[in-house]
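Okay, sequence plus prediction incoming.
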Amino acid sequence: MRLSVSVGLWQDRPAGEAVLTAQIADEHGYPEIWVGEMATYDAFALATAIGARTRRAALTVGPLAVNVRDPMMIAMGAASVADLTGRPVGVALGTSTPVVVEEWHGRSRSGSAAALREAVQALRPLLDGERSDFSGAHVASRGYRLRLAAPRSTISVAAFGPAAVGAAALADRMVLNLLTPASAARLITDLRLLSPTTRVAAWVAAAVDPDQAAIEQIRRALVPYLYAPGYREMFAQAGFEDVVAYARTEPHPRALLAAIPDGMLEAVALIGDSVEIMDRLDAYEEAGVDEVALVPVSTESDPCGEATLKALAD
């Protein structure tokens, strides 16, 4: 099981911890750092800052919302980070959420699954240094070629439903987020019907020997997913039908937070001592996951998840 690190963009922690987390991951020999994007730093800017402050780790930027960033922007961003840092730079694509795409950016999320597939097709030649020549129903680029050295980036696709799995089959890697090993196994089975070679990574929150603050940080992270179709069904299949039924009544987030049991956290996160977490990693490996990207919990007692990253690197 390959372990990498995704910098945790925890809303209750200082934004700058993302860079510190990456430095710690690099110091402990993790081979790859995933750099996502939420409401603070631009992902390419953050990846460049991380590259300037680390020594070895490869960088993967994203998942980036394909309804917001077009192929030229993504290719230019990846090439920029690679040129400025001297690191291998991959890109990850996704569809994001209605709040981010429609409310924050004012873009339509219509056809996002098809746009995801088209973005993979449009990006591949651009990232390899070829001139763009793609016109799809949702994504298009023609006549642009990178002026910087082609990064020849790997492409990863964040997947949850069947259409996204189909897009992932065209990519180098499928990325799963906040899933139980059983749910991961079902998606990987679907992927293998389409592609025998696409690798699979799973983003999983991790806390070794967590205190209550770490537990509560993970619990808060689950709240928005319980309002989301698809994730609700996954949690119901994992035995939390009562919480899902309550979430369907659309309670206030604070009330829903109070209803989330510790068992739900344990179903989708790596919580416990090092031995317990290694057993849990085995479950993901048995499900067909090739790589777990640790999302280290960050608290006052373990800023940037340093203790967790050290324990799992040993």
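Okay, I see it.

Please enumerate the strands of the stretch 201-314 of the chain.
Ranges of strands within the stretch 201-314 of the chain are 270-272, 291-296, based on DSSP state E, counting those that start in this stretch.

for these, which one sits closest to Pro303?
Distances from Pro303 to each of these were compared using CB to CB; the shortest belongs to strand 291-296, at 10.0 Å. The way it works is simple: take the backbone N, C-alpha and C, and place the C-beta from them, glycine included.

can you pull out the strands in the stretch 1-150 of the chain?
For the stretch 1-150 of the chain, the strands defined by DSSP E, counting those that start in this stretch cover 2-6, 32-35, 58-65, 89-94, 133-135, 140-142.

by contact count, what packs against the fourth one?
What it means is strand 89-94. For strand 89-94, the elements it packs on are strand 58-65, helix 71-85, helix 112-127, strand 155-158, judged by 3 or more CB pairs under 8 Å, 6 or more residues apart in numbering; DSSP states H and E.

Surely Arg109 and Glu102 touch.
Yes - with contact defined as CB atoms under 8 Å, Arg109 counts as touching Glu102 (5.5 Å).

Comparing the two, which residue is more hemmed in?
When Arg109 and Glu102 are compared for neighbours, Arg109 comes out ahead with 19 against 15, by other CB atoms under 10 Å.

Next one, pLDDT for that one please.
Looking at Arg109, its pLDDT stands at 85.

from the chain's centre, how far out does stretch 192-207 sit?
For stretch 192-207, the gap between its own C-alpha mean and the chain's C-alpha mean amounts to 11 Å (CA atoms, centre = their mean, to the nearest Å).

Any idea how far apart the tips of it sit?
Stretch 192-207 has an end-to-end distance of 31 Å (CA to CA, to the nearest Å).

quick one: buried residues of that stretch?
Along stretch 192-207, these residues count as buried under the neighbour rule (16 or more other CB atoms under 10 Å): Ser195, Thr198, Arg199, Val200, Ala201, Ala202, Trp203, Val204, Ala205, Ala206, Ala207.

what's in contact with stretch 29-45?
Residues from elsewhere that reach stretch 29-45, judged by CB atoms under 8 Å, 6 or more residues apart in numbering: 2-7, 9, 11, 15, 18, 22, 25-26, 46-47, 49-50, 54, 56-64, 77-78, 80-81, 90, 92, 203, 293-294, 309, 313.

Which among those residues count as buried?
By 16+ other CB under 10 Å, the contacts of stretch 29-45 give 3-7, 9, 18, 22, 25-26, 46-47, 49-50, 54, 57-64, 77-78, 80-81, 90, 92, 203, 293-294, 309 as buried.

Show the contacting residues for Pro151.
Remark: with contacts taken as CB under 8 Å, 6+ apart, Pro151 is in contact with Ala75, Ala78, Ala79, Val81, Ala82, Pro88, Val89, Leu127.

Neighbours of the nearest residue to it once chain neighbours are set aside, how many?
In this structure, Pro151 finds its nearest non-sequential neighbour in Ala82, 4.0 Å apart by CB to CB, 6 or more residues apart in numbering. Each residue near Ala82 was counted by other CB under 10 Å, and the total is 24.

Please apply the same query to Glu285.
Burial of Glu285 is recorded as 15 neighbouring residues (other CB under 10 Å).

returning to that earlier point: TSV for the buried residues of stretch 192-207, including pLDDT and distance to Tyr227?
Written out in TSV, the entries for the buried residues of stretch 192-207 read as follows (pLDDT from 0 to 100; distance: CB to CB, whole Å):
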residue	pLDDT	distance to Tyr227
Ser195	97	31
Thr198	98	30
Arg199	98	30
Val200	98	26
Ala201	98	25
Ala202	97	22
Trp203	97	19
Val204	97	21
Ala205	97	18
Ala206	97	24
Ala207	97	24
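
Quick check: of those, which lies closest to Leu265?
Looking across the buried residues of stretch 192-207 and measuring by CB to CB, the closest to Leu265 is Ala205, at 8.4 Å.

Distance-wise, check the closest one relative to Pro261.
16 Å (CB to CB, to the nearest Å).

got it, and Thr95?
Counting by CB to CB, the gap between Thr95 and Pro261 amounts to 29 Å.

who's more crowded, these two?
Neighbours were tallied for Thr95 and for Pro261 using other CB under 10 Å; the higher tally belongs to Thr95 (27 against 12).

my guess is that one contacts Gly111, does it?
No - in this structure, Thr95 sits apart from Gly111 without contact. The criterion is CB under 8 Å, and the distance is 9.9 Å.

still on that earlier bit, how confident is the prediction for the residue nearest to Pro151, by pLDDT?
Turning to Ala82, the model gives it a pLDDT of 98.

what does the one 3 residues further on give?
In the predicted model, Thr85 carries a pLDDT score of 98.

go on, His105?
The score at His105 is 89. That number is its pLDDT.

Next, count neighbours for the residue lying closest to it once chain neighbours are set aside.
The spatially closest residue to His105, leaving aside those adjacent along the chain, is Val68, at 5.0 Å (CB to CB, 6+ apart). Neighbouring residues of Val68 were enumerated by other CB under 10 Å; the total is 17.
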